[in-house]
Structure formats: C-alpha cells, structure tokens
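Enquirer: Kindly return the folded structure for what I paste below:
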Amino acid sequence: MPTETTQPHHVKMKAWTLPTVLGLIMSVVGAVGIIELRPQLSVSPQEQLDKSKPFSAPFRITNAGYLAVRVVYVTCYTDQGKAGPVNFKQSAFYGPQYDGVILERGEPETMLCNMGENEVHLNGQPLKVESADMAVIIDARNLYVPFTTARRYFRFKGNYFVDGWQWIAQPADQAFQDRANGMVDSSIKQREEIRARLKK
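Expert: Here you go, the predicted model:
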C-alpha cells in the first residue's frame, strides 16, 4: 500500500518594504506629535495663606510642555463639601485676571480659589469648612498652534489631618467631569457676556 507523504506548509511572510516601514514610523511620530501639541499643564496646591481657611491655599498652574500655552479660561469648581451641619455643592468661581494668561515653557501662574468661606453661612455666621471636593478646570491651547484647545480637570479632595488641612489630588472621573461641565460652561458664558458689555 502506497505511503502518504505530507507536504510541508509554507507560511508566506509579509514583506516589510521601505514604504511600509516609513509609513509606520510616520504614524507613530504623528501620534506622539498630536499628544505633544496638546497643552501640557500641571496644577499643585500651595500652603494656605490663612490656616483657618482651606480655600485660601493658592494653586500653582505650570506649563509642563515644550510650547507656550494660552490659558483661555480657568475655573475653580466645588463639587461638594461640608461645613458644620451644612452640606454645600456645585459652585464655580473665576478670577478674570487669570483668563488669557500666556505661560511660556516651565512658567508658573498662581491663582486663588477663595470661594468656600464666602458661601457657607448659617444664621448669618460663617461656618468652618470640614471637607471639600473641588477642581481647578482649565481650558487652554498652545499659543502658536490653532485648534488645540483642550479642557483639563485637576481634582482635589480636602480634609483635616494631624498636621492640618491638606488638598490631595484625585482622578476626575467622567461623572465628575459631567457635573462640572455645566457649571464651568455657565461661568464662561457669564464672563463672556460681561466682557461684551464692557466693550460697548
């Protein structure tokens, strides 16, 4: 009886031509370039100016990228907090002097989100803030590159610890961003309306 012989299978290898390799390299470089073109910012809380007032802590905004950045809008957003028996939530604050600031590479700008103490009262008396969940939200773009405006969320939770009040960085999940966007967009609309009236 004749013996069956198995023919070896030949696997066809993909030919890596020069155009293919160059195309892959350009795709990677392009992706990295797009990421780099987006504003690269960092935000860090500083020491409180008044130890009894958590919101007196300045926040330092730094351009951590290679290109100059225009801070189109910067908004302080409080998601929620507690002061004595009062629970407060969803408020926004902005300082007009911070909008439009240009930051060169590595340049910092310090802003105050001094809003909480002026908003939490009971029977006309201010209450001590015990905890808070807030964010510094920045709409910025690279100065010399159009269509790169992006919104960044820098969220912090504050509580009293053994050595005093501390703002601890936290991730801003989608639910947090969704709650913040309505307040921030309303704040931006309000300040644009004010600027339009001032120009008349």
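
Enquirer: Confirm Tyr98 sits in a strand?
Expert: No. Applying DSSP: H, G, I helix; E, B strand; the rest coil, one finds Tyr98 to be coil, outside a strand.

Enquirer: What separation do you get for it and Pro45?
Expert: 16 Å (Cβ to Cβ, to the nearest Å). (Glycine included, C-beta is placed from N, CA and C.)

Enquirer: can you give me how far the helix of greatest length in the chain is from the chain middle?
Expert: Ranked by residue count under DSSP state H, the longest helix found in the chain is helix 174-199. Centroid separation for helix 174-199 versus its chain: 15 Å, with Cα atoms, centre = their mean, to the nearest Å.

Enquirer: can you tell me how far the closest residue to Gln46 other than its chain neighbours sits from Asp50?
Expert: Distance criterion Cβ to Cβ, 6 or more residues apart in numbering; nearest residue to Gln46, sequence neighbours excluded, is Pro58 at 4.5 Å. Separation of Pro58 from Asp50 (Cβ to Cβ): 11 Å.

Enquirer: repeat for Gly124
Expert: For Gly124, the distance to Asp50 - Cβ to Cβ - is 21 Å.

Enquirer: Looking at these two, which has the bigger crowd around it?
Expert: Neighbour comparison, Gly124 and Asp50: the larger count goes to Asp50, with 11 against 5 (by other Cβ atoms under 10 Å).

Enquirer: Confirm that the more buried one sits in a strand.
Expert: No. Counting by three-state DSSP, Asp50 is not part of a strand but coil.

Enquirer: So it sits against Ser56, correct?
Expert: Yes. In this structure, Asp50 is within contact of Ser56 by Cβ atoms under 8 Å, at 4.3 Å.
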